[in-house]
Every structure is written in structure tokens, then in C-alpha cells.
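J.: Sequence unavailable; structure follows:
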């Protein structure tokens, strides 16, 4: 009875996380609707998206996501250990490394950002200056986002999922309030872009404060500068960093694909970068709501089962979660492919977002919609390998997917225009998701068989 109760509680938690992620999606979609109405697919919209891309890529999608995922298995294990001093020392070391590394990266990006902008064929010098101004305002995200996500991983490792689920909602609410204020006051788009940039930075900082306030509150924290000494034990930190660099490389392949997509989009008509961003965010809906909820639950759960050698529970939770991933992402993929134009019209057709904007965005969304299942499978299966610190398989498959994506962009964009970007992603993500799923099934079966009677 106790085991059944724990099973029910586990998947009740997934449902609760799905609720919070639905709330996040709702707030984010309202924000995107306001952004589309305010900026449309104008040159300012392109400038905002280009300026936000680097801080968001480095802070959130690369360093932040990698440190969050890679630290959970080690922190989950340490949270079960009675040695709370080692647990806290490890967190302090990780925090110090994140702060030092991201500050250095911030300085480097600030020095070389304008050189990077030469890769994008922007219309005028004024456009380049606007992009750089917005970028400078948002550079603190490079440091703040990894700290926010590290704090979230500390909470998740100790099975506290609510605050990590709520803080992204807070971030999007800050942006939404700033944009609504700009619309209400009739602020010109150029200054509205600055308001968006300041709100992005402030929202990220606020999430850092909220997250770490709860991290420090959950236990009596013992600060010690001695733990940062190079002579102290870095064994657990080294385990995190090993997985971090491998997972960061996987994410780098993904972000390299996104960068290539924006490079190709910048060579097309004005507003294509903005349309690409709108389509991309819509296609991420199942990842935000369902897959993110499952992954938030599944990584510390896998780590827990492996630590206890509970192979029966490992198999049960992985199979249930996999079926939920396939069902939810497959259904939403079908909806986006069949009804891309009505969806874009319903959400965005107002204000500066014209009928031409609808056509441009929906053309890209059709291809992106086809990519949802493959992306979901790849993201889910990667968590299985992260929990075991065995990153070779997802790393190699990620490189294959990135290469296929970039190669197909050279074929599809000249042939199909902006819509070709989405179809290139669809094919590459299907290949990478299918390949990793086949390896995941094979490796899971092998683990359960090796467990013998303990798996039953």
C-alpha cells in the first residue's frame, strides 16, 4: 500500500507541474500576443530578437540549462546523504564557478558583440546601433539566468518543485506588465524595445532573488570561504562539471542550429527573424507545458531510483513518462501542422501584426510543428543518460542532428523561402529523436535485465 501511495503521489506531482506549466504557457502566450501587436514583424522586432538572442542563448539555454540539468543527479544523491556539510559546500562551489565564469563571458560578449552583428545583413547602421543598445541592457542575463537555474536545480534535487515552476511565470509577468504599460502610454517602438530589454533583465534578477531566498530558507545554511579553497575536496563538483560540459555541448549544437536559422532568416525579407521567433515559441508549447513538467519530475526521480537500485520503479516511471511524452507532443504536433494559419491569426492578427505577418509566421510554423515529436523524444531520452553521466550517445546524435539541420537549410531556404527553415528543423529533429529513442530503449532493457530478480 505504501508503494502504491508513493506512485500515485509521484504522478500527481507531474499533473501539478503540468498545471503550473499551462499557467506559464498562458502568461507567455498573452505576452507574445502583446509583443506581436506592439512590434509586429517590424525592424524593431528583429532588433529586439537579435539583441535578446545572445544573452538568452548563453544565460538560459546554454549555461543555465546545462548547470541545472547536470547538477541534479549529484545534488539528489548528496541530499540523501547525512553529510549536509558536503552538500552545502558543493552548492557553494558550483555557485562560485557559475558567477566567475559568466562574468568573464559577459565581458567577452560585450567586447565582441558588434563584430558578431556583421554576420547579419541589417538594413542600416541605425539598426545595428539599436541592436547593440538593447543587448547592453540585457547582458546581466548572462550571469543571472545560470544562478536562477542553479537555485532551481537545488530545490528540484530535494524534491521541491513548486518554486522552480512558479519563477518562469513571474519572469513572463514582468515582461507582460512592461509591454502593457508601453501600449497604454502609446510609447514609440524604439523606446518600447528598451522597456522590453530592462524588463527582461529585471525579471531575471527577481527570479534569482526569489529562488535563492527559498534555497537558503529550506535549511540552516553554513557559509564557509574555506570550501572555495583549491585544497578542498572538489570530487562532487568535478562530477557535475563532467556532465555539464557534455550536456552544454549538446545544447551548443541546438543553439548553433538556431543561430544558423536566424542567419538565413536575416537574408530574407524584413520581419522574418521576428516571424521565426513567434513560430518557434509556439512550437515550444508542448515542451514548456508537458515535456518540461515530465523532465522536471523524471531527472531527480531517475537519479533516486538508480541510487537505490530500484530498477522496477525506474522502468515503470520511464515507460509511463515516455508514453505521456509521445501522446502529448504527437497530438499537438498534428494540431500545429493542420491549423497553423488559423492559430497564428487567432493569436496574433491585430495591431502591427498584419495578414502578411500571419502568412510568413504560419509558413514557418508548419515545419516547426512537424519537429515537436522528435524534439520531445530527444530532450526526454537525454535525461536518462544525464542521470547516469553517460553522455556519449546523446552527444554524437546531437552533432548529427545539428549537421543535418544546417545542411538542409542550404537546400530548403533557397527552394521554399522562410518555410524551408521549419522543414529543415522537422527532418533533423525527427532523425535525432528517433535515433536516441532506439538507443534509450535498448539501454533501458539492458539495465533491467542486468538487475535480474531485483528488477521484478
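T.: Thanks, I have it. Computed from a predicted model, the values in this text were never measured in an experiment.
J.: only C-alpha atoms for contact and neighbour calcs from this point on.
T.: Fine.
J.: So for residue 272, what's the nearest residue that isn't a sequence neighbour?
T.: residue 265 (5.5 Å; CA to CA, 6 or more residues apart in numbering).
J.: can you count the residues close to that neighbour?
T.: When neighbours are counted by other CA atoms under 10 Å, residue 265 registers 23.
J.: So, low pLDDT: which residues of the stretch 201-350 of the chain?
T.: 219-233, 286-299, 307 (pLDDT under 70).
J.: again, 90 this time
T.: 214-350 (pLDDT under 90).
J.: what does the stretch 351-456 of the chain give?
T.: Checking the stretch 351-456 of the chain against pLDDT under 90 turns up 351-373, 375-377, 379-392, 395, 413-422, 440-456.
J.: need the strands for it, in chain order.
T.: For the stretch 351-456 of the chain, strands defined by DSSP state E, counting those that start in this stretch do not occur.
J.: ditto for the chain
T.: Assigned by DSSP state E, the strands in the chain number zero.
J.: related to what we said a few turns ago, from residue 412, how far off is the residue nearest to residue 272?
T.: Distance of residue 265 to residue 412, given as CA to CA, to the nearest Å: 12 Å.
J.: per-residue confidence for the residue most central in space within the chain?
T.: Relative to the mean C-alpha position of the chain, the nearest C-alpha, by CA atoms, centre = their mean, is the one of residue 61, at 4.9 Å. Residue 61 is assigned a pLDDT of 82 by the prediction.
J.: Looks like it contacts residue 251 (just checking).
T.: Yes: taking CA atoms under 8 Å as the definition, residue 61 is a contact partner of residue 251 at 7.2 Å.
J.: returning to what we had before: wait, what's in contact with the residue nearest to the centre of the chain?
T.: 251, 255 (CA atoms under 8 Å, 6 or more residues apart in numbering).
J.: count of neighbours near the residue nearest to residue 24 when sequence neighbours are not counted?
T.: Ranked by CA to CA, 6+ apart and with sequence neighbours excluded, the top spatial neighbour of residue 24 is residue 169, at 5.0 Å. For residue 169, the neighbour count with other CA under 10 Å is 21.
J.: same check, this time on the one 3 residues further on
T.: The local packing count at residue 172 equals 24, with neighbours defined by other CA under 10 Å.
J.: shouldn't it be in contact with residue 26?
T.: No: using CA under 8 Å as the test, residue 172 is too far from residue 26 to be in contact (9.9 Å).
J.: Now residue 59: closest residue in space that isn't a chain neighbour?
T.: residue 142 (4.0 Å).
J.: Against residue 258, how distant is that neighbour?
T.: Taking CA to CA, one finds residue 142 at 18 Å from residue 258.
J.: Confirm for me that residue 236 is in contact with residue 74.
T.: Yes: counting by CA under 8 Å, residue 236 touches residue 74, with 6.9 Å between them.
J.: Any idea how many residues pack against residue 356?
T.: 11.
J.: Also residue 338?
T.: Here the number of neighbours of residue 338 (other CA under 10 Å) works out to 12.
J.: Pull the contacting residues for it.
T.: residue 366.
J.: I'd like the distance between the residue nearest to residue 24 and residue 279.
T.: Distance, residue 169 to residue 279, by CA to CA: 20 Å.
J.: Tell me who's in contact with the residue nearest to residue 272.
T.: Contacts of residue 265 by CA under 8 Å, 6+ apart are 272, 273, 276, 418.
J.: how about a cut-off of 7 Å?
T.: The contact partners of residue 265, taken as CA atoms under 7 Å, 6 or more residues apart in numbering, are 272, 273, 418.
J.: with the residues you listed in mind, which one is nearest to residue 357?
T.: Nearest to residue 357 among the contacts of residue 265: residue 272, at 8.7 Å, using CA to CA.
J.: Neighbours of the closest one, how many?
T.: Residue 272 is flanked by 25 other residues according to other CA under 10 Å.
J.: and what of residue 112?
T.: Neighbour number of residue 112 under other CA under 10 Å is 10.
J.: next one: residue 427
T.: For residue 427, using other CA under 10 Å, the count is 19.
J.: Just to check, the residue nearest to residue 24 is in contact with residue 22?
T.: No: Residue 169 lies out of contact with residue 22 (CA atoms under 7 Å); the separation is 9.9 Å.
J.: Quick one: distance of stretch 420-435 to the chain centre.
T.: 18 Å (CA atoms, centre = their mean, to the nearest Å).
J.: How about stretch 377-384?
T.: Centre-to-centre, stretch 377-384 and its host chain are 13 Å apart (CA atoms, centre = their mean).
J.: now do stretch 96-116
T.: Worked out by CA atoms, centre = their mean, stretch 96-116 lies 20 Å from the chain centre.
J.: next one: stretch 64-76
T.: 13 Å.
J.: Identify all contacting residues around it.
T.: Under CA under 7 Å, 6+ apart, the answer for stretch 64-76 is 145-146, 149-150, 153-154, 157-158, 236, 240, 243-244, 247-248, 300, 303-304, 386-387.
J.: Now do the buried residues in that stretch.
T.: Across stretch 64-76, burial judged by 16 or more other CA atoms under 10 Å covers 64-76.
J.: ditto for stretch 36-45
T.: 36, 37, 38, 39, 40, 41, 42, 43, 44, 45.
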